[in-house]
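>>> What would the 3D arrangement of this be:
(5 chains)
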Amino acid sequence: MCGRYATSRTPSDLARDFEAGLSDAAAGLVADYNVAPTDTAPLVIGRIDASSPGVPPAREVVAAAWGLVPSWAKDRSIGNRMINARSETVAEKPAFRRAFAARRAVVPADGYYEWYAGQDAGTSKQPKQPFFITDPDRSGLGLAGLYEFWRPTPDADWLLTFTVLTTSAEDAEGRIHDRAPLLVPTTALDEWLAPRPLDGEHWRELLVPATPGRLVAYPVDRAVGNVRNNGPHLVEPVALS
DNA sequence: CCAGACGTTGTT
DNA sequence: GTCTGG
DNA sequence: CCAGACGTTGTT
DNA sequence: GTCTGG
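Numbers count the residues shown, from 1 in each chain, chains lettered A, B, ... in the order given. Down below sits the predicted model:
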């Protein structure tokens, strides 16, 4: 769940809509309709403003690579396996707990892709059908994420990486969709992005599952399966054969 | 003690 | 870095 | 998440 | 079948 998504809004639009600053690296990002693990994409984070205690942290749009690399990692390849974090255990897992305590983020997305196997999955050789899950009004989603700093050597540049939180969820019809990414509602932005530990379990109520029932889901071109393919046609609806 | 992992998803 | 397994 | 590789020696 | 890279 949530192993591929689209983010097409310009960095300056994101900065405006999230009332955030814009880093130089993020300013150079372009629309990506096929964000895959290890790819660099825009991320909204909270910055501590030590000069104004009590004021909500300033936000900033930064560029980060998908797949969280913990600070203690020997190389960045561990990030390939850290693209999602289970919300049920994220506070305890060694790979995520530090980021969860102090480096929560919002991943701006148009929507995400999900591949459905047919009814006779496994028995048929029918390829999986990708769907795009998005908000009907196209105002954009904010996926709940975490980020981390990592560098291979003390003198190397810092690499910023992120992961997306998941949960179990059911849709409007009550069907269980194994795992769904979590959304950060606009009203929860300040609390979620605050760069300090959260108080108790209250945060779980801040976040909302991004289910194909709550949002819209429609089939798209199988071309999205190949990470080399990109472009707005990937999020256009197609007829099922 | 040291060595090795540190994670998720989906499917039967 | 920190925990688990051997 | 899917697609694609899955290996070694020696040499510039 | 399973791992790595994007």
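
>>> A:Trp71 is in contact with A:Arg98, isn't it?
Quick fix: residue A:71 is Ser, not Trp. Yes: using CB atoms under 8 Å, A:Ser71 is in contact with A:Arg98, at 7.1 Å. Every residue, glycine included, has its C-beta placed from N, CA and C.

>>> More neighbours: which of these two?
A:Arg98 (15 against 10; other CB atoms under 10 Å).

>>> ok, now which ones touch that one?
A:Pro70, A:Ser71, A:Glu148 (CB atoms under 8 Å, 6 or more residues apart in numbering).

>>> does it count as helix, strand or coil?
Secondary structure, DSSP: H, G, I helix; E, B strand; the rest coil: A:Arg98 is helix.

>>> now swap in A:Val30 and tell me
coil.

>>> mind listing what the longest strand along chain A pairs with, with the direction of each?
Longest strand in chain A, counting residues (DSSP state E): strand A:159-170. For strand A:159-170, the paired strands and their directions (DSSP bridges) are strand A:58-66 (parallel), strand A:84-86 (parallel), strand A:141-150 (antiparallel), strand A:176-183 (antiparallel).

>>> Where does chain A get nearest to DNA strand E, which residue?
Per CB to the nearest atom of the strand, A:Pro37 is where chain A lies closest to DNA strand E, at 3.2 Å.

>>> between A:Ser71 and A:Arg98, what contacts are shared?
Counting by CB under 8 Å, 6+ apart, the shared contacts of A:Ser71 and A:Arg98 are A:Glu148.

>>> Tell me the pLDDT of A:Asn230.
pLDDT for A:Asn230: 98.

>>> show me the contacts for it.
Contact analysis of A:Asn230 by CB under 8 Å, 6+ apart lists A:Asp32, A:Tyr33, A:Asn34.

>>> did I read that right, A:Leu234 in a helix?
Yes: A:Leu234 sits within a helix when classified using three-state DSSP.

>>> Surely it touches A:Gly225?
No: at 10.0 Å, A:Leu234 does not count as touching A:Gly225 under the criterion of CB under 8 Å.

>>> More neighbours: these two, which one.
Comparing A:Leu234 with A:Gly225 by other CB under 10 Å, the one with more neighbours is A:Leu234, at 20 against 15.

>>> List the single closest residue to the residue of chain A found nearest DNA strand D in space, sequence neighbours excluded.
Nearest residue of chain A to DNA strand D: A:Gly3, at 2.0 Å (CB to the nearest atom of the strand). Nearest residue to A:Gly3, sequence neighbours excluded (CB to CB, 6 or more residues apart in numbering): A:Ile83, at 6.2 Å.

>>> my guess is that neighbour contacts A:Thr166, does it?
No: counting by CB under 8 Å, A:Ile83 stays clear of A:Thr166, with 9.8 Å between them.

>>> For those two, indicate the residue with more neighbours.
A:Thr166 (24 against 20).

>>> just to revisit the earlier point, mean pLDDT for the strands paired with strand A:159-170 - can I get that in JSON lines?
Conversion of those to JSON lines gives the following (pLDDT from 0 to 100):
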{"stretch": "strand A:58-66", "mean pLDDT": "97"}
{"stretch": "strand A:84-86", "mean pLDDT": "98"}
{"stretch": "strand A:141-150", "mean pLDDT": "98"}
{"stretch": "strand A:176-183", "mean pLDDT": "88"}
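
>>> Can you say which of those strands is packed in most?
strand A:141-150 (a mean of 23; mean count of other CB atoms under 10 Å).

>>> Is there proximity between that strand and DNA strand B?
No: using CB under 7 Å from any atom of the strand, strand A:141-150 stays clear of DNA strand B, with a minimum separation of 10.6 Å.
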